[in-house]
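Engineer: Here is my input; please provide its structure:
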Amino acid sequence: MKCNVIISPSFLDELYYAGKTIVVIDVLRASNTIITALNNGAKEIVPVASIEFAVKVSGGMFGGQTLLGGERNTKKIDGFALGNSPGEYSKEIIYGKSIVFFTTNGSRAIAKAKFSENLFICSFSNLAAIAKQLAKLNLDFEILCAGRNNSFSLEDSICAGKLILYMQELDQNLELTDSSNACLALNKSFGKDILKMLKNCDHGKLLIENGFEEDLITCSKVNNTKVVPFFRENVVKLMPNKYSS
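Structural biologist: Alright, predicted model coming up:
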């Protein structure tokens, strides 16, 4: 197996991802929001690349069982039912619902990689579960960091480094590219105290300034769920049994 890390979706076009196995990481906060929503019984997440398309899609596809969720520049979007804080996605609110989801970085990264053969959503909270699925597939894979405003983000790269460590435990012959080795080095230097790192990274500081410090605590937890979000046919759902067996 070979692993490559893409540090920002802006560097490659959609067709690059065709036929590949991709893991999208957006630590702050889309990955964790998607994981939480699916864990609490959401039917599916529909990631979109623009607010306008989110509103259009939500208008007629899902028979009234639809919620608009997401953010723009950290804040809930006017007219949306939910923002991008994992804590908003409680079972009482989202159970059985389709959630049309736009975020500044995460949903755009997923939409960019929509032609992938296999596409998973990862954060610190489900690292072991994602690694297990990748090992079962036994295919080359690429980790796509959502980044921040089309640029590098420390937290996504450190999470990628931790995922690579898990994969090395499962496959001692895992081949790494330069970007993969760089993420391993970043994790070694900054990944010992995840919450501290999140509070000191650029995006974490912005979230704290805007009143979302509790989200950092949620997003810092490691392997507290076995949820594997899996993108297929334009929606994210829990990994179906036929793919996880």
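Engineer: ok, and what's touching stretch 157-166?
Structural biologist: 3, 5, 7, 23, 25, 27, 122-124, 127-128, 130-131, 143, 145, 174, 176, 180, 182-188, 190-191, 194, 197, 222 (C-beta atoms under 8 Å, 6 or more residues apart in numbering). Backbone N, C-alpha and C define where each C-beta goes, glycine included.
Engineer: Could you check how many residues crowd around L165?
Structural biologist: Neighbours of L165 under the rule other C-beta atoms under 10 Å: 16.
Engineer: and the longest strand along the chain, which residues are buried?
Structural biologist: Counting residues, the longest strand in the chain under DSSP state E turns out to be strand 66-72. Within strand 66-72, the residues that count as buried by 16 or more other C-beta atoms under 10 Å are 66-71.
Engineer: for that strand, what is the average pLDDT?
Structural biologist: Average pLDDT, strand 66-72: 95.
Engineer: Within its sheet, name the partner strands of the next helix or strand after it and how each one runs.
Structural biologist: Counting by DSSP states H and E, the element after strand 66-72 in chain order, helix or strand, is strand 75-76. According to DSSP bridges, strand 75-76 forms sheet pairs with strand 66-72 (antiparallel).
Engineer: contacts for the partner strand?
Structural biologist: So strand 66-72 is contacted by 33, 37, 51, 54-55, 58, 76-77, 79-84, 88-89, 93-94, 97-104, 107 (C-beta under 8 Å, 6+ apart).
Engineer: check contacts around the residue nearest the centre of the chain.
Structural biologist: With distances taken as C-alpha atoms, centre = their mean, S31 lies nearest the centre of the chain, 3.1 Å away. The neighbours of S31, taking C-beta under 8 Å, 6+ apart as the test, are 24-25, 106, 121-123, 125, 146.
Engineer: rerun at 10 Å
Structural biologist: Shown here is S31, whose contacts under the criterion C-beta atoms under 10 Å, 6 or more residues apart in numbering are 23-25, 86, 103, 106, 109-110, 120-126, 146, 156, 159, 219, 229.
Engineer: Does it fall in a helix, a strand, or a coil region?
Structural biologist: helix (DSSP: H, G, I helix; E, B strand; the rest coil).
Engineer: what's the spacing between it and L174?
Structural biologist: 22 Å (C-beta to C-beta, to the nearest Å).
Engineer: again, but for C183
Structural biologist: Taking C-beta to C-beta, one finds C183 at 13 Å from L174.
Engineer: doesn't R29 make contact with L82?
Structural biologist: No - the criterion here is C-beta atoms under 10 Å, and L82 misses it with R29 at 12.0 Å.
Engineer: For burial, what's the neighbour tally of the spatially closest residue to G106 that is not a sequence neighbour?
Structural biologist: Excluding the flanking residues, the one nearest G106 by C-beta to C-beta, 6 or more residues apart in numbering is A30, at 2.5 Å. Around A30 there are 31 other residues, counting by other C-beta under 10 Å.
Engineer: Name all residues that make contact with the residue nearest to S8 when sequence neighbours are not counted.
Structural biologist: Counting by C-beta to C-beta, 6+ apart, S8 lies nearest to G147, which is 4.0 Å off, once chain neighbours are set aside. With contacts defined as C-beta under 10 Å, 6+ apart, the neighbours of G147 are 6-11, 25-26, 105-106, 108-109, 153, 155-157, 203.
Engineer: about what we covered before: more neighbours: which of L82 and R29?
Structural biologist: Comparing L82 with R29 by other C-beta under 10 Å, the one with more neighbours is R29, at 26 against 22.
Engineer: what's that one in contact with, if anything?
Structural biologist: 36, 71, 74, 83-86, 103, 105-106, 123, 203, 207, 212, 215-216, 218-219 are the contacts of R29 under C-beta under 10 Å, 6+ apart.
Engineer: Thanks again, I'm all set now.
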